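Q: mind folding the following:
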Amino acid sequence: MEEQITKFLGAMILYAGGPAAIAFVLFKTLGEKWLDSKFSERLKSVEYRYQFELSELKQRLDTAASGLNRIHQKEFEVLPEAWGLLDEAMNTLKWVISPLQSYVDVGRLQEEEWVEFVEELTHLSNSEKKYLKSIYISRERQKAYNKISDNHRGALAQKAIREFQNYSARNSIFLPENLRDQFDRIRELLWSASVTKSMGREIEDWEMQQKAWKELDEKVEPLFHEIRKSIQDRIAHQSKLNIDGLNIDGIRR
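A: Next up is the predicted model:
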C-alpha cells in the first residue's frame, strides 16, 4: 500500500514540478516523524497500563496469599492444642470409666485418723467433709467415700470433655471439614459414655457402667485413632505445601 502511495505521489511530482516535489519531501519527512511520535506515545500508554494492571494483580495475589498463610498458620496452632485437649479428655474418661477402680482403704482408720484424713482432702467441699465425718460405721464410711470420689472423678472427666468441646467449637472455622465432623462425633460419644457411667453409678447398675466402658472401647477408641491419623496427615500435607512455597519463592527471587 505504501509503495502505491509513493508511486502516486511520484507521478504527481512529474506533472506538478518543483513545488510539488518540495511539498512531498516535507510531507514524507514530517509525516514519518509525526507517525513515529504518535506510535511511541501509544506504545508508552499501553505499557504503562499493562504495568499498572500487572502491579495491581500482584498486590491482590500477595494479599490473598498472605491471608491464606495466616489461616494455615492458625490451623497449625489449633490442631496440636485441640489434639492435646482431646487426649486429656479421652484419658481422663478412660480412668473414670475403667472397671478397675482403686480407693483408699478408709474402713481401717480410727475415729481421729478418719477426721484428719477427711480434713486433708482439699478437693472436697465443706459440706462433703462434714457429711463424711458424721459417719461412724467403717463400712458406711468406705461406701460414702467411694461414692464422693467417683463423683469428683466424673466431674474431672466432664470438665476435660467440655474444654475440648469449647476449644474445637470456637476454632472450628480453621479446621478442615473432615476433622470438624470427626471432632463432633467423638465429642458426642465421649459425653454419651460419661453420662452412661454416671447414671449407672448413681443407681448402682453395674451393667450400665459396663455398657459405658464397652462404648468407649468399641466406638470412641477407634475414632480417637482415626482422628490422630487425620491430624498427622493434615500436618504433613501442610508442611509439604509450605516447603514447596518456599522453593517457589526462592526460584522467583
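Q: the helix or strand containing Asn166: which residues count as buried?
A: For Asn166, the host element (DSSP states H and E) is helix 138-170. Buried residues in helix 138-170, counting neighbours by 16 or more other Cβ atoms under 10 Å, are found at 141-142, 144-145, 148-150, 153-154, 156-158, 160-161, 164-165, 167-168. All C-beta spots, glycine's among them, are computed from the backbone N, C-alpha and C.
Q: could I get the average pLDDT for that helix?
A: Across helix 138-170, pLDDT averages out at 95.
Q: now do the buried residues in the following helix or strand past it.
A: The helix or strand immediately downstream of helix 138-170 is helix 177-202, counting by DSSP H and E. For helix 177-202, burial by neighbour count (16+ other Cβ under 10 Å) applies to 179-180, 182-183, 186-187, 189-191, 193-194, 196-198, 200-201.
Q: against which helices or strands is the helix holding Asn166 packed?
A: helix 18-97, helix 126-133, helix 177-202 (3 or more Cβ pairs under 8 Å, 6 or more residues apart in numbering; DSSP states H and E).
Q: cutoff 6 Å now
A: helix 18-97, helix 177-202 (3 or more Cβ pairs under 6 Å, 6 or more residues apart in numbering; DSSP states H and E).
Q: any idea which of those has the lowest pLDDT on average?
A: helix 18-97 (a mean of 68).
Q: the next helix or strand after that one versus helix 126-133: what angle between them?
A: For helix 18-97, the following helix or strand on the C-terminal side (DSSP H and E) is helix 111-119. Inter-element angle recorded for helix 111-119 and helix 126-133: 160 degrees (by axes from the mean of the first three to the mean of the last three Cα atoms, to 10 degrees).
Q: CA atoms of helix 111-119 as PDB?
A: Provided in PDB are the C-alpha atoms of helix 111-119 (Å, rounded to 0.1, in the frame of the first residue of the first chain):
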ATOM      1  CA  GLU A 111     -12.000 -42.100 114.500                       C
ATOM      2  CA  GLU A 112      -9.300 -39.500 114.900                       C
ATOM      3  CA  GLU A 113      -7.400 -40.700 111.900                       C
ATOM      4  CA  TRP A 114     -10.600 -40.600 109.900                       C
ATOM      5  CA  VAL A 115     -11.300 -37.000 110.800                       C
ATOM      6  CA  GLU A 116      -7.700 -36.000 110.000                       C
ATOM      7  CA  PHE A 117      -7.900 -37.800 106.700                       C
ATOM      8  CA  VAL A 118     -11.100 -36.100 105.600                       C
ATOM      9  CA  GLU A 119      -9.800 -32.600 106.600                       C
END
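Q: quick check: mean pLDDT of it?
A: On average, the pLDDT along helix 111-119 is 93.
Q: what residues does that helix touch?
A: If you take Cβ atoms under 6 Å, 6 or more residues apart in numbering as the criterion, helix 111-119 is touched by 129, 132-133.
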